[in-house]
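K.L.:
I'll drop the sequence and a predicted model, then ask my questions.
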Amino acid sequence: QVQLVESGGGLVQPGGSLNLSCAASADVSQYTLAWFRQAPESEREVVAVIKSSGLSRFYSGSVRGRFTISRDNEKHMAYLEMNNLKFEDTAIYYCAAGDGGLRAPSREYRFWGQGTQVTVSS
């Protein structure tokens, strides 16, 4: 069993930046890692995905060019660098690990963190 713990969320003004981290309790180097988010009264949606090697990434259209996903397999960590944040980025952000591909649906992810709140407000 792998436990994932997100950190780095908070309150930021529009145009600002935040860096999220996801710490795994065990080796996750063989898993695809992803960040999802869920806004109030909305379904959970994928934000960014990175394959085990770190060489292949996927971004949702709403964050492409502003967010960057990365991972450090030696440290059992995943990261999400978020720049030029917008009001609509406000959500709980979740880290997930699974065996699927870049476009795998959320149900294919085996392990999930508890989430970290990101609020973009002036």
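P.N.:
Received, thanks.
K.L.:
any idea how far the residue nearest to residue 4 when sequence neighbours are not counted is from residue 121?
P.N.:
Counting by CB to CB, 6 or more residues apart in numbering, residue 113 is the residue found nearest to residue 4 once chain neighbours are left out, at 3.7 Å. (Glycine included, C-beta is placed from N, CA and C.) Residue 113 sits 23 Å away from residue 121, going by CB to CB, to the nearest Å.
K.L.:
More neighbours: those two, which one.
P.N.:
Shown here are residue 113 and residue 121; by other CB atoms under 10 Å, residue 113 has more neighbours (22 against 10).
K.L.:
Provide a list of residues in contact with the more buried one.
P.N.:
Listed by CB atoms under 8 Å, 6 or more residues apart in numbering, the contact set of residue 113 reads 3, 4, 5, 6, 22, 94, 95, 96.
K.L.:
how about the nearest residue to the spatially most central residue of the chain, chain neighbours excluded?
P.N.:
With the centre of the chain defined as its mean C-alpha position, the nearest residue by CA atoms, centre = their mean is residue 35, 2.1 Å away. Closest residue in space to residue 35, ignoring its immediate chain neighbours: residue 47 at 4.4 Å, by CB to CB, 6+ apart.
K.L.:
hang on, the one you found in a strand?
P.N.:
Yes. According to DSSP: H, G, I helix; E, B strand; the rest coil, the state of residue 47 is that of a strand.
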